[in-house]
Every structure is written in structure tokens, then in C-alpha cells.
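# Give me the fold of what follows.
(chains A and B)
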Number of protein chains: 2
Amino acid sequence: MTLDILTDLNPSPRLLLGPGPSAVHPRVLRAMSTPLLGYMDPEFLKLMDETVALLRHTFQTANTLTLPVSGTGMAGMETVLANLLAPGEKLLVCSAGYFANRQEEVARRHGIEVVRVDKPWGRPFSAAEFEAAVQQHRPKVAALVHAETSTGAVQPLEGFGDIAHRHGALLLIDTVTSLGGVPLKIDEWGVDAAYSGTQKCLGCPPGLAPVTISDRARAAIQARPTPPDAWYFDLELLYKYWGPDRAYHHTVSGTLVYALREGLRLVAEEGLENRWTRHAANADYFCQGLAELDLTPYIEPAHRLPSLITVRVPNGVDEAAVRAKLRDIYNLEIGAGIGSLKGQVWRVGLMGYSSRRENLTLLLGALREILK
Amino acid sequence: MTLDILTDLNPSPRLLLGPGPSAVHPRVLRAMSTPLLGYMDPEFLKLMDETVALLRHTFQTANTLTLPVSGTGMAGMETVLANLLAPGEKLLVCSAGYFANRQEEVARRHGIEVVRVDKPWGRPFSAAEFEAAVQQHRPKVAALVHAETSTGAVQPLEGFGDIAHRHGALLLIDTVTSLGGVPLKIDEWGVDAAYSGTQKCLGCPPGLAPVTISDRARAAIQARPTPPDAWYFDLELLYKYWGPDRAYHHTVSGTLVYALREGLRLVAEEGLENRWTRHAANADYFCQGLAELDLTPYIEPAHRLPSLITVRVPNGVDEAAVRAKLRDIYNLEIGAGIGSLKGQVWRVGLMGYSSRRENLTLLLGALREILK
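As a prediction, this is how the structure comes out:
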């Protein structure tokens, strides 16, 4: 490549039905071509406040400490872990998939003591199993993945906050593939800390990580003997900018805030319940279509995530070749399996603006042609 | 605020002449409204490679380990510090401004031993002063700020790499306000590690932090006893995605990569030397105009940064009132002083697409009216 032959940006018009990013809503795309404001401009501060109010609505929380971290979903995970736990403090990871294991990997980097309890991938923890683990290990923080992007399973969480609190623990959850697409009720479920991404059910590009922290968890952060060892992710410093102090920490991406605000407005306009219903209905439609093709979801219906369906690769089928054909012939992206499901499943994202019936009709039609 | 009264995005058309973000080039704004590709799409991987090639050109380096970190300039600072130095290892910070002190603050979070040598704000270190400090303190890494956004001074760096290497140290520099606007020659100067931001002289929005690491510094990273304590900023893991392995680490922001690629193409099209000349010529024009208004730059001409001019606030003038008038009457943003220069200077950014003569004519005219 020589520098003078670089061509104008002209990507193929991919239909994004993989594990993320999902298709960005046209209104969000347009918002991002808006010229910037300074990061201390009163107009920008107002847009930030609106974004936080919309985030609280989408998380179904009244938590004061709610803001988007200036990084992707993984930055959200690291922020929450590195703030809630000081080195040597104990984290319980309830793992039934890849992203729970990521919680362990990231936490260990910060000197956090990690105890992991495992279930087979895709099998959610029951309340009794969760309580037994918390009771046995007495962690400061107990972590679960609400929506496992690796398996396509949803973890029920009703009552889990009470269980954690009864045993002196804080409840931390990964909502990267649920926020804005799958029922999620931070306050009602007693969740103390959650992180997410913008490139899944919110229909925005990647780049921001919404987090929300309960007052109880915030008190634990403030009681730490030392501040977090990641300055960029220090939530109290971040709140000094996002909250009323307006103290400079770093230059947030005005473009990504524009995008997130627009994406969250679209959530509010559609209505959170309607949005959950849409995601569920499209998942049902897709799974019915799969059955007609003799294809089987990996997860049983009761625990199936409406935003991400894992589909078993039939015996004798070259899964990578199918994905390449979908991409090269139909301009359509679905994802490969990862971790212990590598080669065994496809991952189909039905998230945000991508979760539309016509997209799934197209995918089903393409699969029919390829697999015939 | 109620959710139903949220209005369409309609920010005032601010002319951004503060310390950043600068105005985003219209071609970059348009690039960001382009629909996304998946983060493993072959077309996207090609765009990533092009972006890295353009980054190397802009940094004037052949460093293999050159990539944009998925965060703002401060994430770049933390990435470089937390990778180059393990806890207990020694960093020498040569400070003559706010962002050098930030290097110290961030490094301390990671258990790095910091020795700071200070000069009055805005006074660059001479080669002899730098050598004396390195010789005395024998750090693993010696850090300087190439372009101090707090003071508007440029730190000469020719020969500094040799000095550091002669004493067994690595040379680390902050190029947030210089990359793409001010002469910067990573390889020629023997720089081992540099970080930057996209929202200054590159004319992109904030959100990515270009970093480049010499082979010598990379060997030091690979020889660490433990990996960095910030997983999201682990350069070897990041390179596993940006390099030939293409292993998933986090979902990079396709939108911001589109933006950076377009911003860097504009740099290459204009020509790096032409761009430096443009920034210098506009700074000269602005300083001549200041003289006609009896206003004085804080930094003497020899060390004055062409991308950011600090202007002394005249006695008896309410500096915040002037900034408010510029904003409210002229839709024009300049910055306040920070740290020990708070209240004493204005900070005027002449960066990237903002560095155009007509913008400065307008600012000078507005200042003339306000200060008359």
C-alpha cells in the first residue's frame, strides 16, 4: 500500500447480524456528522445531563452514579471491577460462558482475589445455586452475566440482589447484550453495579460503556483504602466531570455522546417495553424459521436471549464457509462461536436497529439457499 | 427535564479555538455517518491496516507497534505508562506544565516510582538539563511533554533519544497537541514511546489515542515480570488484534476508525511539511494581530507552540467574562488557563481544521470589540 492510492471510504453495505456491532440507526449516523461543542460548553453539559437521564431510564434506575465511560464495553467491565474491588478483596464470578471468564481475567490484573464457580456454558444459575455460592465464598462482590454473548443465554436476576445483600455482598452484572433490548431492571432487582456497551441493543457505534452504580456500591468505592489503579477508569474522578462539579478529567468524545443521546432517545420514543417486545417477537420469528430449516438453537427457549441466538452448526457443515458465503454473496454478517463453542455454533445478533423482521427473513432465505 | 421534551440535536455552530476538541473537518464528519462493518470483516481489517500505515507516516516512524488505543488522549498516556513500567520501576518526569504532572499522577496509580524534576511552567528543558536529570536519577523511562497544552510551549527533542539511551533509559513523550500540526519525528529523535489524541491537530473527534512504541521499548514491555494491571490498555493484547493475529480483544469503534483514517488521509494529502508550515504561519499571523491589540503571548517566540497560543490576560480584565462574550456573541470558544496559569492566560487552539486564517481574523476582530 502506498499512501497516495488510499481510496475514499466505501465499505460494502453489510447487514450486521453478528454479536456486535449491530446496525447503527440512521438517525444516530446522522447525529455523528454534527459539528462538536467544547467539553465545557454549557450546551454540551446540558446534552450530557440529558444523556445520563436517558441512561437511567434505560437501565431502570435512579442511581446517581450513572454515566458512559469513554471506552468500549470491555472498558466498562474493567471500570466496574477495578472500582468496586481493591487489591486482595474477593470477587465471586458465576461463570457459564466466555464473558464471565473475562471478568475473572480482568479482575486478576488488578490483584483482586477471584473465586469462580462454573456451570456448563449456557446454563443459568438458579437463585439457590447463586445463594449457595455467595454463602460459601463470602465475596465482597458477586458477578453474573445477564446476557452471555458467547452462549446466547439470559441469566434470570429477580431476587438476586436480595440474596447478595443478605450475605453482605454486592451484585455486579454484565448487561452488554441486554441493555435496551432485553428486560433489565437495575433497581427492582437490587443490582449494585452494571456495565454495558453502545454497539448492541442501543443501535449506536462502539466507543462508550454505560455504567451504573448503586449508592451502596458507591459507598464501598468511597471506603476503599486506595483509589483504583486505573486513573482513566476512576469513577469518582469521572463523576467529578459528569456530576455537578464539572471538573476536567479527560476530553470526552462529543461525537459519541451525540450518538448515545440519539440512540437513547430512540429507545425512549419506541418505549422500553415495546422495544423488549420487538426483540422477543423477532427472536421467536427467527427461531420458527430455523426450525423450518431443521436448524436448532443452542439454548432452550426458557433461557434464550432474544438479542443473540446461537444456532447449532449441523453435522458435516463447514461453518466458516457458510459465514463467508453470507458475507460475500448476501453482504450479511453473522458471528462464529467463541471459546468452548468455537466451531459448534453460529452467533446471530438481533439487536437494536438490526432486530427487524425483514433482516431475519433475508438471513433465513440466504441460509436456505446455502444449506440446501 | 422530562423524557418527552428532549429536542433534536441542534448545537450552536461554535468555532472551536480552545485547547481541544478542535473543529472536525467536514470530510471526517461525513465519514462518521458511514454504516459500520464488523470488527473482523476483511474490509474493516484492511481499513485498520491503512489507518496504521497513515499513523506511522504522521508519527514519522517505522515502529511495528503503532495503533490507536480505544480511548481519549488520557487513555493513551495511561496505556504507555502502564505498559512501559511495572510497579516499583522508576519514571523520571520532566515537568514544566500541567500534563507532565498528569504523567506523574497516572503513573503513581500503577505503583510506578516517580521522580519529578521541575522547571517553571512554560520553560523547556535543555539537552544538558535533561541529561543531568537522567544521569542523576537513572530511570527506566524518562518522560517529557512535546507540546504542553497548559502553557503553549514546545519542548525541543532533537538528540534527546540519544541522551536517554546513553544512560540506559527509554524516552517517552506526550504528543497530544503536536501530532499532525507541529514538527514531530519519532524515529529521527530516538523517541521510544509516544501517545496522542485525535481531537487536536488531526481534526478528528476525541475518542482514540494514537500510540507508537519503538522495538527497544517493546522489548522492555515483553520483558516485564507481570503483564500491565490494566487489561484494556495491554499493548501486547491490543497488538494481537491490530497485528496479523487478529485475535478478538474488544470491539473497536468502527466509526472512530473511519474518522481517524479520513483525518490522516487529509494529513497525507496536504503533506506533513505543508501542514506544519500552515500551523506555523497561522500562529505568526495570530501573534501579529495580538500585538496590534496590545496583547502578549505567554511564551517567548523561540518556544511557542504553533498549535496552542497562551495569551496573557491584561490587568483588570475579567477573563471569564471575555470568554463568555466570545461564546455568546460570536459563537467562538477559547480556553481558560489551568493549573498555575488559571486566571492568568487564555488558551487559543490553532489546531487542524481550526487553524485557518479567517478563524483568527474573526477571533482578533471579536477581541478588539470586546476589549476596546
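
# Just to check, A:S196 is in contact with A:G73?
Yes - contact criterion CB atoms under 8 Å: A:S196 and A:G73 qualify, at 6.4 Å. No exception for glycine: its C-beta is placed from N, CA and C like everyone else's.

# May I have the longest helix along chain A as CSV, with CA atoms only?
In chain A, ranked by residue count with DSSP state H as the criterion, the top helix is helix A:272-292. Extracted C-alpha coordinates of helix A:272-292, given in CSV (Å, rounded to 0.1, in the frame of the first residue of the first chain):
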residue,chain,number,x,y,z
LEU,A,272,-38.7,0.3,26.7
GLU,A,273,-41.4,-2.3,26.9
ASN,A,274,-42.2,-2.1,23.2
ARG,A,275,-38.6,-2.5,22.5
TRP,A,276,-38.3,-5.6,24.6
THR,A,277,-41.4,-7.0,22.9
ARG,A,278,-39.9,-6.3,19.5
HIS,A,279,-36.7,-8.1,20.3
ALA,A,280,-38.6,-11.1,21.7
ALA,A,281,-41.0,-11.2,18.7
ASN,A,282,-38.2,-11.1,16.2
ALA,A,283,-36.3,-13.8,18.1
ASP,A,284,-39.4,-16.0,18.0
TYR,A,285,-39.9,-15.4,14.3
PHE,A,286,-36.3,-16.3,13.6
CYS,A,287,-36.4,-19.5,15.7
GLN,A,288,-39.5,-20.6,13.9
GLY,A,289,-37.7,-20.1,10.6
LEU,A,290,-34.7,-22.0,11.9
ALA,A,291,-37.0,-25.0,12.7
GLU,A,292,-38.3,-25.0,9.1
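
# Packing partners of it?
The contact analysis (3 or more CB pairs under 8 Å, 6 or more residues apart in numbering or on different chains; DSSP states H and E) places helix A:272-292 against strand A:308-312, helix A:357-371.

# what's the most buried one of the ones you listed?
Comparing the helices and strands packed on helix A:272-292 by mean neighbour count (mean count of other CB atoms under 10 Å in any protein chain shown), strand A:308-312 ranks first with a mean of 26.

# Check what contacts the helix or strand that it is followed by and list those residues.
Beyond strand A:308-312 on the C-terminal side, the first helix or strand identified by DSSP states H and E is helix A:319-330. Contacts with helix A:319-330, where a contact means CB atoms under 8 Å, 6 or more residues apart in numbering or on different chains, come from A:14-15, A:313, A:332-337, A:343, A:346, A:362-363, A:366-367, A:370-371, B:41.

# thinking again about what came up before, now render the helices and strands packed on helix A:272-292 as TSV, adding distance to B:L85 and mean pLDDT.
Listed next are the helices and strands packed on helix A:272-292 as TSV, based on distance: least, CB to CB, whole Å; pLDDT from 0 to 100:
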stretch	distance to B:L85	mean pLDDT
strand A:308-312	39	98
helix A:357-371	48	98
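
# Now render those as CSV, adding distance to B:H303.
Output for those, formatted as CSV (distance: least, CB to CB, whole Å):
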stretch, distance to B:H303
strand A:308-312, 55
helix A:357-371, 58
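
# possible to save these as CSV with distance to chain B?
CSV is the format used below for those (distance: least, CB to the nearest CB, whole Å):
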stretch, distance to chain B
strand A:308-312, 14
helix A:357-371, 13
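
# Any buried residues in stretch A:114-133, and which?
Under the neighbour-count criterion of 16 or more other CB atoms under 10 Å in any protein chain shown, stretch A:114-133 has A:114-117, A:119, A:121-125, A:130-131, A:133 buried.

# Got the confidence number for A:L9?
For A:L9, the model assigns a pLDDT of 95.

# Just confirm it is within a strand.
No - counting by DSSP: H, G, I helix; E, B strand; the rest coil, A:L9 falls outside a strand, being coil.

# OK, contacts around it?
B:A31, B:T34, B:L47, B:Y258, B:R261, B:E262.

# show me the contacts for the closest residue to A:G152 other than its chain neighbours.
Nearest residue to A:G152, sequence neighbours excluded (CB to CB, 6 or more residues apart in numbering or on different chains): A:T310, at 3.8 Å. A:T310 makes contact with A:G122, A:T151, A:G152, A:P297, A:Y298, A:I299, A:G337, A:L341, A:V345, A:W346, A:R347, A:V348 under the criterion CB under 8 Å, 6+ apart.

# do the same with A:V211
A:T66, A:L67, A:P68, A:V69, A:G76, A:T79, A:V80, A:A193, A:A194, A:Y195, A:S196, A:L235.

# Can you show me the helices along chain A?
A:26-31, A:42-59, A:73-84, A:98-109, A:127-137, A:160-166, A:215-222, A:235-242, A:254-270, A:272-292, A:319-330, A:357-371.

# Could you say which of those is packed most deeply?
Buried most deeply of those, by mean count of other CB under 10 Å, is helix A:73-84, with a mean of 28.

# between that helix and helix A:215-222, how many degrees?
Helix A:73-84 and helix A:215-222 meet at an angle of 70 degrees, taking axes from the mean of the first three to the mean of the last three CA atoms, to 10 degrees as the criterion.

# Which elements pack onto helix A:73-84?
For helix A:73-84, the packing partners by 3+ CB pairs under 8 Å, 6+ apart are strand A:65-69, helix A:98-109, strand A:141-145, strand A:170-174, strand A:193-195, strand A:209-213, helix A:215-222.

# if we can go back for a sec, which neighbours do A:S196 and A:G73 have in common?
A:V176, A:A209.

# Next to chain B, which bits of the stretch 201-350 of chain A? Give me the list.
Proximity of the stretch 201-350 of chain A to chain B, by CB under 8 Å from any CB of the partner chain, involves residues A:205-207, A:227-234, A:248-256, A:258-259, A:261-262, A:265, A:268, A:327, A:333, A:335, A:338.

# rerun at 7 Å
Taking CB under 7 Å from any CB of the partner chain, the part of the stretch 201-350 of chain A that reaches chain B is made up of A:205-207, A:227, A:229-232, A:250-256, A:258, A:262, A:265, A:268, A:333.

# Now distance to B:S95 too, for the contacts of A:V211, in a markdown table please.
Listed next are the contacts of A:V211 as a markdown table, based on distance: CB to CB, whole Å:
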| residue | distance to B:S95 |
| --- | --- |
| A:T66 | 35 |
| A:L67 | 30 |
| A:P68 | 31 |
| A:V69 | 28 |
| A:G76 | 32 |
| A:T79 | 28 |
| A:V80 | 33 |
| A:A193 | 36 |
| A:A194 | 39 |
| A:Y195 | 35 |
| A:S196 | 38 |
| A:L235 | 27 |
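
# could those go into a markdown table alongside distance to A:P19 and pLDDT?
Listed next are the contacts of A:V211 as a markdown table, based on distance: CB to CB, whole Å; pLDDT from 0 to 100:
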| residue | distance to A:P19 | pLDDT |
| --- | --- | --- |
| A:T66 | 25 | 98 |
| A:L67 | 25 | 98 |
| A:P68 | 21 | 98 |
| A:V69 | 20 | 98 |
| A:G76 | 16 | 98 |
| A:T79 | 21 | 98 |
| A:V80 | 21 | 98 |
| A:A193 | 23 | 99 |
| A:A194 | 19 | 99 |
| A:Y195 | 17 | 98 |
| A:S196 | 14 | 98 |
| A:L235 | 27 | 98 |
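
# between those residues, which is closest to A:A23?
Among the contacts of A:V211, A:S196 lies closest to A:A23 (CB to CB), at 17.7 Å.

# Distance of that closest one relative to B:N282?
Distance, A:S196 to B:N282, using CB to CB, to the nearest Å: 42 Å.

# so A:G88 touches A:H110, yeah?
No - A:G88 is not in contact with A:H110 according to CB atoms under 7 Å; the separation is 10.0 Å.

# Neighbour count: those two, which is higher?
The neighbour count for A:G88 versus A:H110, taken as other CB atoms under 10 Å in any protein chain shown, is higher for A:H110 (22 against 9).

# separation between the more buried one and A:E104?
11 Å.

# now A:V80
Applying CB to CB, the value for A:V80 to A:E104 is 14 Å.
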